[in-house]
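**Student:** I'll drop the sequence and a predicted model, then ask my questions.
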Amino acid sequence: MWPTWPARPLAPKRDIARRMFDVIPLASLPELARSTSGMVRIGKEVTETPDYKLGKLIKHHYIRIRLEETEEEQNIFIGQLPERPTPKGIAEPGLLADLFVAKYIDHLPFYRQTEMLKHDHGWAIHKLPINYWFAACCP
């Protein structure tokens with residue numbers, strides 16, 4: 001008869017969704033040279049961008065309000081996004097700085113950094129966007 005061992009308790013699952021992002025909402029109204037009293041709010045545009053500060057991955061929510069004139073001209077106005085470090089990129093400067101320091105100071109390739117982001121913060125990102133950010137920041 002073979003000896004039997006007691007069953008090993010299962011390790012608790014990690015709560016990745018809780019650790020993934022801290023959300024920071026930021027709202028912006030359209031900048032107009034005149035009063036917005038004759039306008040109606042028709043919706044909002046939400047842009048999500050990742051950032052990295054002090055060992056935490058942060059998600060910025062830029063909420064841009066859309067306004068429409070109620071008069072005969074049906075013009076639509078929307079709030080502006082802040083300046084981006086890369087054209088049409090979603091990464092914030094803190095995340096780019098951390099990626100570049102890890103690449104050039106710590107000598108970590110991008111595929112290893114993506115694995116670290118996936119393991120530490122639960123954010124699975126492909127290395128291709130990181131390559132695009134790198135090419136846009138370092139001509």
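**Tutor:** Noted; the coordinates are in hand. On a predicted model such as this, the values are computed, not experimentally measured, just so you know.

**Student:** which stretches of the chain have low pLDDT?
**Tutor:** The model of the chain has pLDDT under 70 over residues 1-21, 32-35, 72.

**Student:** so which residues of it form strands?
**Tutor:** Taking DSSP state E as the criterion, the chain carries its strands at 22-28, 39-53, 56-69, 76-78.

**Student:** do you know which of those strands lies nearest Leu128?
**Tutor:** strand 39-53 (15.2 Å; C-beta to C-beta). Using the backbone N, CA and C atoms, a C-beta is placed for each residue, glycine as well.

**Student:** by how many degrees do that closest one and strand 56-69 diverge?
**Tutor:** Strand 39-53 and strand 56-69 meet at an angle of 170 degrees, taking axes from the mean of the first three to the mean of the last three C-alpha atoms, to 10 degrees as the criterion.

**Student:** so for Glu92, which of the strands of the chain sits nearest?
**Tutor:** If you check each of the strands of the chain against Glu92 by C-beta to C-beta, strand 39-53 wins as the nearest, at 3.5 Å.

**Student:** list the helices and strands the closest one packs on?
**Tutor:** Contacts of strand 39-53 with other secondary structure elements, assessed using 3 or more C-beta pairs under 8 Å, 6 or more residues apart in numbering; DSSP states H and E, are made with strand 56-69, strand 76-78, helix 93-104.

**Student:** quick check: neighbours of that strand in the sheet, parallel or antiparallel?
**Tutor:** Strand 39-53 has the following strand partners under DSSP bridges: strand 56-69 (antiparallel).

**Student:** and the strand it pairs with, what's buried?
**Tutor:** For strand 56-69, a neighbour-count test (16 or more other C-beta atoms under 10 Å) marks Leu57, Ile58, Lys59, His60, Tyr62, Arg64, Ile65, Arg66, Leu67 as buried.

**Student:** can you count the residues close to Tyr111?
**Tutor:** The local packing count at Tyr111 equals 11, with neighbours defined by other C-beta atoms under 10 Å.

**Student:** residues in contact with the closest residue to it other than its chain neighbours?
**Tutor:** With C-beta to C-beta, 6 or more residues apart in numbering as the measure, Lys127 is the residue that lies nearest to Tyr111, at 5.1 Å, once sequence neighbours are left out. Lys127 makes contact with Phe110, Tyr111, Gln113, Thr114, according to C-beta atoms under 8 Å, 6 or more residues apart in numbering.
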